[in-house]
Structures are given as structure tokens and as C-alpha cells.
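K.L.:
I would like to see how this sequence folds:
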Amino acid sequence: MKQYIRKADIILFIVLIALGLAASAALSLSRTAAGSDAKVIIESGGSLYAEYPLGEDRTVIVPSPKEGVSGFAVPDDSKPASEQFSHYNVVVIQDGHVSVTEASCKNQVCVHHSDISYSGESIVCLPNRMVVRIEGKGGSYDSITS
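P.N.:
Modelled structure (predicted):
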């Protein structure tokens, strides 16, 4: 009977697993937080909707281009978003983190997404055609592309 797994195969397997774990640890440790100049970019329907500093706390109602208005409708902060628009997202920028707290879409993937705070991270709502991303120095490139 022939032996299919040899001692060298096991050693190679252990070395490859160790290299994979080391690379994973190096990539996660090299990720840096967005700098003080970081910006939150909000796009709706492929167009720039707004741009805010990551360091300033605010709540933004983003109407979907499905609303049928030319350009973007200006939300009224005194009313709930659900009373103003039939398709919308509510984006909250607080303490250097960005999250989507409310959305009119059925699947709610954007609402259940964890907060983002690093350059290059994004939250996407496909039904409402909205993208929120962070741009700025620090962390915009990973160790492979830099």
C-alpha cells in the first residue's frame, strides 16, 4: 500500500497556514484610522450628494433619486424622513464613526452594516442607490497596493 501523505506534506501544510496567519495579522495591524482631514462622501444615484468632515457630528437625510425630482430635494430636519420621502436613508456621523440608522429599503443591509471609521471603508444601499464612504490620508491603500 502506498502512503499518500508524507511528513514533508504535513510540514508544508503547517508552514502555509503559519504564513497565512502572519499575513492576516500584518494586514489587520497595518490598518490605520482615518486622519483629521478625513471626509465622509455621500453619493446618491451616482452623483455627489454631500461631503462632510468625519470629525463633525451630524445627521443627514439622503433622499433616493427614485423620488423623481430633478437634482436633490432638500430635506426638512424638523420632520421625520419617512414623512418627507418614500425612498431615503438616514446617515449619522458621530464620534468619528459613520452609520446608516434608518432606510426605506426592504432588506435593511445598510442599516445592519457595522459603523465605518477607516479610510476606504464604505456602506452601500443598492435599492436606494446610495454610497457612503470615508476618504482621507491614512488607510486609503492597503499594504499590497502601496
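K.L.:
Over to Ile11: give its phi and psi.
P.N.:
For Ile11, the backbone dihedrals (degrees, to the nearest 10) come out as phi -60, psi -40.
K.L.:
do you know how far it is from Pro65?
P.N.:
57 Å (CB to CB, to the nearest Å). C-betas here are computed from N, CA, C, even on glycine.
K.L.:
Name the nearest residue to His113, sequence neighbours excluded.
P.N.:
Ile123 (4.9 Å; CB to CB, 6 or more residues apart in numbering).
K.L.:
Could you count how many residues lie near that neighbour?
P.N.:
Per other CB atoms under 10 Å, the neighbour tally for Ile123 reads 22.
K.L.:
By mean pLDDT, flag the weakest helix or strand of the protein.
P.N.:
helix 81-84 (a mean of 67; mean pLDDT, DSSP states H and E).
K.L.:
right, and the helix or strand after it?
P.N.:
strand 88-94 (DSSP states H and E).
K.L.:
Give the residue spans of this structure that score low on pLDDT.
P.N.:
In the predicted model, the chain carries pLDDT under 70 at residues 1, 30-36, 66-84, 137-146.
K.L.:
what ranges do the strands span in it?
P.N.:
39-44, 47-53, 58-63, 88-94, 97-103, 122-125, 130-135 (DSSP state E).
K.L.:
So which residue is smack in the middle of this protein?
P.N.:
Ser122 (1.9 Å; CA atoms, centre = their mean).
K.L.:
Show the contacting residues for the residue nearest to His113.
P.N.:
Applying CB atoms under 8 Å, 6 or more residues apart in numbering to Ile123 gives the contacts 98-100, 110, 113, 116, 131-133.
K.L.:
ok, now with 7 Å
P.N.:
100, 110, 113, 116, 132 (CB atoms under 7 Å, 6 or more residues apart in numbering).
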